[in-house]
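Asks: The following comprises the amino acid sequence and a computationally predicted model.
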Amino acid sequence: MVQIGLQGKVALVTGANHGIGAATAQALAAEGVAVFINYLHMPPLGMLEENLGGGKTAPGLALYNARRALSADGVLEAIHAQGGKAEALEADLSDPATIPLLFDRAEAAFGPVEILINNADYCVGDTFIPHDLLGIAPQLPGGYAATTFTASGHDQHFAVNSRAVALMITEFARRHVQRGKRWGRIINISSDGAPAFAHEISYGASKYALESYSRAAAKELGQFGITVNIVSPGPIQTGHITPEIEQQVNDNTPLGRVGQPDDVADVITFLASEQARWLTGQLLFVGGGHRMI
């Protein structure tokens with residue numbers, strides 16, 4: 001029998017009102033972890049009218065926007081219904097003052113944070129193509145409209161996807177070392193498009209920075225008993241993948257299907273567990289073989 005050793009631990013999971021974050025919070029709670037959830041109601045993403053999909057019940061942008069706008073109440077209810085411990089706080093990670101606040105609130109609810117899952121992200125399609133000169137808006141797969149690169153777009157992506165992650169790692173490490181602890185887990189969620197993400201260039205670059213921060217943290221924090229690893233999901237059905245694109249993914253994935261949030265959550269739970277005690281500084285692609293190295 002595998003003993004993953006998470007009973008009684010405390011986790012802080014960002015971006016956990018839906019999708020991978022919500023599945024991760026529930027998976028950890030099922031293993032006896034007290035979970036503190038951070039989330040933020042997100043404004044709707046833009047999309048070309050003809051690609052809106054089947055409304056708020058079928059996969060497509062409308063459904064994805066509806067899920068992004070959810071509170072964490074549903075996740076809390078699901079965890080509590082199974083006898084788990086969880087609380088939540090809505091807060092914007094692009095504000096540096098949010099970071100210590102999250103740890104303070106988590107500690108007040110459950111005690112010191114031992115597992116940090118940096119899952120929250122900001123993603124709006126952008127491109128180097130000067131569409132204002134060409135008279136067309138570059139289109140992402142699935143019909144998302146991309147805008148030409150701007151300073152403000154760059155800064156927003158990096159504020160959430162890179163800077164906030166680095167600040168969360170720093171705060172976690174400071175409190176961990178101050179308490180003289182010797183067990184800690186940090187798992188950062190990247191994207192399999194991070195090395196080069198055409199039409200989502202700021203998103204991809206900010207996730208690549210997250211990967212660099214993660215490896216540096218693994219080198220520096222191992223002496224304190226903290227492991228730091230990266231999960232890089234492939235195509236995951238969080239509501240945004242239309243049936244047409246899902247079929248394309250199925251056809252190009254060795255395991256023959258699009259991923260589900262639970263598929264990623266299980267890998268994150270493994271990395272948090274005692275079974276992964278000798279893994280640090282690693283990147284795991286979780287995508288059914290959609291990408292291989």
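Replies: Structure's in. What do you need? Numbering: from 1, shown residues only.
Asks: can you give me the strands for the stretch 51-200 of the chain?
Replies: For the stretch 51-200 of the chain, the strands defined by DSSP state E, counting those that start in this stretch cover 86-90, 115-118, 126-127, 147-148, 184-189.
Asks: Lowest mean pLDDT across those strands, which one is that?
Replies: Ranked by mean pLDDT, the strands of the stretch 51-200 of the chain end with strand 147-148 at the bottom, a mean of 86.
Asks: Need the contact partners of it.
Replies: With Cβ atoms under 8 Å, 6 or more residues apart in numbering as the test, strand 147-148 has contacts from Val124, Gly125, Asp126, Thr127, Phe128, Ile129, Pro130, His131, Asp132, Ala137, Gly153. (Each C-beta comes from the backbone N, C-alpha and C, glycine too.)
Asks: For PyMOL, what selects the buried ones among these?
Replies: The PyMOL selection below is limited to those of the contacts of strand 147-148 classed as buried (16 or more other Cβ atoms under 10 Å):
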select buried, resi 124+125+126+127+129+137+153
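Asks: just the contacts of strand 147-148: which has the poorest pLDDT?
Replies: Ala137 (56).
Asks: Helices along the stretch 151-293 of the chain, start to end?
Replies: Counting by DSSP state H, counting those that start in this stretch, one finds helices in the stretch 151-293 of the chain at the ranges 151-158, 164-179, 201-221, 243-251, 261-272.
Asks: which residues of the stretch 51-200 of the chain score low on pLDDT?
Replies: Residues of the stretch 51-200 of the chain that meet the criterion pLDDT under 70 lie in 51-57, 134-145.
Asks: can the helices of the stretch 151-293 of the chain go into JSON lines with extra columns for distance to Ser232?
Replies: As requested, these are exported to JSON lines (distance: least, Cβ to Cβ, whole Å):
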{"stretch": "helix 151-158", "distance to Ser232": "17"}
{"stretch": "helix 164-179", "distance to Ser232": "14"}
{"stretch": "helix 201-221", "distance to Ser232": "8"}
{"stretch": "helix 243-251", "distance to Ser232": "16"}
{"stretch": "helix 261-272", "distance to Ser232": "10"}
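Asks: Mean neighbour count, the ones you listed: which tops it?
Replies: Comparing the helices of the stretch 151-293 of the chain by mean neighbour count (mean count of other Cβ atoms under 10 Å), helix 261-272 comes out on top with a mean of 22.
Asks: hmm, back to that, which one of the strands of the stretch 51-200 of the chain lies closest to Ile20?
Replies: Taking Cβ to Cβ, strand 184-189 is the member of the strands of the stretch 51-200 of the chain nearest to Ile20, at 6.6 Å.
Asks: picking that back up, wait, which of the helices of the stretch 151-293 of the chain is closest to His290?
Replies: Among the helices of the stretch 151-293 of the chain, the nearest to His290 by Cβ to Cβ is helix 243-251 (7.1 Å).
Asks: right, and the helices of the stretch 151-293 of the chain - which one's nearest Phe285?
Replies: Among the helices of the stretch 151-293 of the chain, the nearest to Phe285 by Cβ to Cβ is helix 261-272 (9.8 Å).
Asks: do you know how far the residue lying closest to Ile293 once chain neighbours are set aside is from Gln223?
Replies: Spatial nearest neighbour of Ile293, chain neighbours left out: Phe285 (6.9 Å); criterion: Cβ to Cβ, 6 or more residues apart in numbering. As judged by Cβ to Cβ, to the nearest Å, Phe285 and Gln223 stand 28 Å apart.
Asks: Of these two, which one has the most company?
Replies: Ranked by neighbour count (other Cβ atoms under 10 Å), Phe285 and Gln223 place Phe285 first, with 18 against 9.
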